[in-house]
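J.: Prediction below, plus the sequence it came from.
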Amino acid sequence: MADPKQKMKKIQPLIKIRKLQLDQETALLNQIQLKREEATQALMQSQQTYIEGVEKLNQERQSSERKMLSALEHGVDYAKAQWYQRLMALRAVEEEERLQFRQVTEAQKRMKMLEHLDERYLEQHIKQMNVQEQKQIDEFAISMNRRKAQE
């Protein structure tokens, strides 16, 4: 069986690599979350524009002149199309965020697995050191008893 101390030395670089991977995945998730916030703001802005356009269109329809009716209808149609595009963009970013969250979770699991293994190796090393220390204490006690017996 390999020495637990050697195993610990071999696993430390792997833990560092996993930590870097986790940090990269987390940073990417944070960027995606910022994109989601921006997409949400854009969607809310489009929604507000659409609602204002519908209100103006309704006012124009109730007026007797109706000079701008066609232009307002086209404007409302454009605002609705823009709102729909932004909604689809937001859904795409949310899906990307879900996938990236899974990646972060996987990276965390891999990291925890290696950390747990490292802890196990450390425990084995401590046990091994305690056994060696106990052997040295026993040998010292035996040699002291022999000296006393020889005197």
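T.: Nice, I can see it.
J.: which stretches of the protein form helices?
T.: Secondary structure of the chain by DSSP state H: the helices cover 4-62, 69-150.
J.: now these as TSV including mean pLDDT and mean neighbour count?
T.: Quick note: C-beta positions are derived from backbone N, CA and C, even for glycine. Compiled in TSV, the helices of the chain are given as follows (pLDDT from 0 to 100; neighbours: other Cβ atoms under 10 Å):
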stretch	mean pLDDT	mean neighbour count
helix 4-62	94	14
helix 69-150	93	13
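J.: Distance of Gln48 relative to Lys35?
T.: Distance of Gln48 to Lys35, computed by Cβ to Cβ, to the nearest Å: 20 Å.
J.: now swap in Trp83 and tell me
T.: For Trp83, the distance to Lys35 (Cβ to Cβ) stands at 18 Å.
J.: again, but for Gln24
T.: According to Cβ to Cβ, Gln24 and Lys35 sit 17 Å apart.
J.: ok, now Ala107?
T.: Here the criterion is Cβ to Cβ. By it, Ala107 lies 20 Å from Lys35.
J.: next one: Leu20
T.: The gap separating Leu20 from Lys35 is 23 Å, by Cβ to Cβ.
J.: got it, and Leu29?
T.: 11 Å.
J.: again, but for Met129
T.: For Met129, the distance to Lys35 equals 51 Å [Cβ to Cβ].
J.: What does Asp3 show for phi and psi?
T.: Main-chain dihedrals, Asp3, degrees, to the nearest 10: phi -70, psi 130.
J.: Could you number the chain from 11 rather than 1 from now on?
T.: Will do, 11 is the new start, and the previous item becomes Asp13.
J.: so what's it up against?
T.: Counting by Cβ atoms under 8 Å, 6 or more residues apart in numbering, Asp13 touches His135, Gln138.
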